[in-house]
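In: Below: sequence and its predicted model.
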Amino acid sequence: LSRLVSVKRLDLVLDVIEKVKASNRPVRFVICGDGTEFGALLDDAQRRDLEGWIHFLGHVGNPAPLLAEADVVLNPSDSEGGMPLALIEALLAGTPVVATEAGGVVDLLEDPRDGWLVPRGDSGALYRALCATLDEPVEREERAARAQRRFDLERMGRAHLALIRELVGDVSR
């Protein structure tokens, strides 16, 4: 799930798919999203002969069913400002995440049971973390419950309001 732009580094996902294909692991990849890199990614996947290993769905309005079916979500981005909503949605669906150490992702994956952090730009590390995640039993219910406790909207809203009050004073007067 991504805005398909160069800083999202989806070229690394294609590198990972080549490694999966070479090891003949039974894994299929789905890329959801649109953006300036869509055509280039599609062309690169065809050049690498990845047909059947990857499916480009374009923009998906409601990703919840896909996340609920996914075994893992990869996030190879070099740049993530704040907390990436797609990864929070994945965790709420109980889906583990493999992501690069960029922006708020580091804080998002504070519990190793929720996923792996790997260095930016390292497709080998992404591949190894993907394989390790797929080889471990999935604890969807536990992961989803942990995420629901962490990302409860009412609690998050109260925390943001408290922070605003701390920084600028009581704005309700």
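Out: Arrived safely.
In: Pull the CA coordinates from the longest helix seen in the chain and hand them back as PDB.
Out: In the chain, assigned by DSSP state H, the helix with the most residues is helix 153-168. Extracted in PDB, the C-alpha atoms of helix 153-168 (Å, rounded to 0.1, in the frame of the first residue of the first chain):
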ATOM      1  CA  LEU A 153      -8.400   6.600  18.400                       C
ATOM      2  CA  GLU A 154     -10.000   8.000  21.600                       C
ATOM      3  CA  ARG A 155      -6.900   7.500  23.700                       C
ATOM      4  CA  MET A 156      -4.700   8.900  20.900                       C
ATOM      5  CA  GLY A 157      -7.000  12.000  20.600                       C
ATOM      6  CA  ARG A 158      -6.800  12.600  24.400                       C
ATOM      7  CA  ALA A 159      -3.000  12.200  24.200                       C
ATOM      8  CA  HIS A 160      -2.700  14.700  21.300                       C
ATOM      9  CA  LEU A 161      -5.000  17.200  23.100                       C
ATOM     10  CA  ALA A 162      -2.800  16.900  26.300                       C
ATOM     11  CA  LEU A 163       0.300  17.500  24.300                       C
ATOM     12  CA  ILE A 164      -1.200  20.600  22.600                       C
ATOM     13  CA  ARG A 165      -2.200  21.900  26.100                       C
ATOM     14  CA  GLU A 166       1.300  21.300  27.300                       C
ATOM     15  CA  LEU A 167       2.900  23.100  24.400                       C
ATOM     16  CA  VAL A 168       0.500  26.000  23.900                       C
END
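In: How far away from the center of its chain is that helix?
Out: Chain-centre distance of helix 153-168: 26 Å, with C-alpha atoms, centre = their mean, to the nearest Å.
In: got it, and stretch 44-54?
Out: On C-alpha atoms, centre = their mean, the centre of stretch 44-54 falls 21 Å from that of its chain.
In: Pull the residues that contact it.
Out: Contacts with stretch 44-54, where a contact means C-beta atoms under 8 Å, 6 or more residues apart in numbering, come from 11, 14, 17-18, 20-21, 27-31, 56. Placement of C-beta: from N, CA and C, glycine included.
In: Summarise which helices and strands the helix or strand bottoming out on mean pLDDT in the chain is packed against.
Out: Across the helices and strands of the chain, mean confidence by mean pLDDT, DSSP states H and E is lowest for helix 153-168: a mean of 77. Using 3 or more C-beta pairs under 8 Å, 6 or more residues apart in numbering; DSSP states H and E, no helix or strand is in contact with helix 153-168.
In: Enumerate the positions of it that are buried.
Out: Within helix 153-168, no residue is scored as buried using 16 or more other C-beta atoms under 10 Å.
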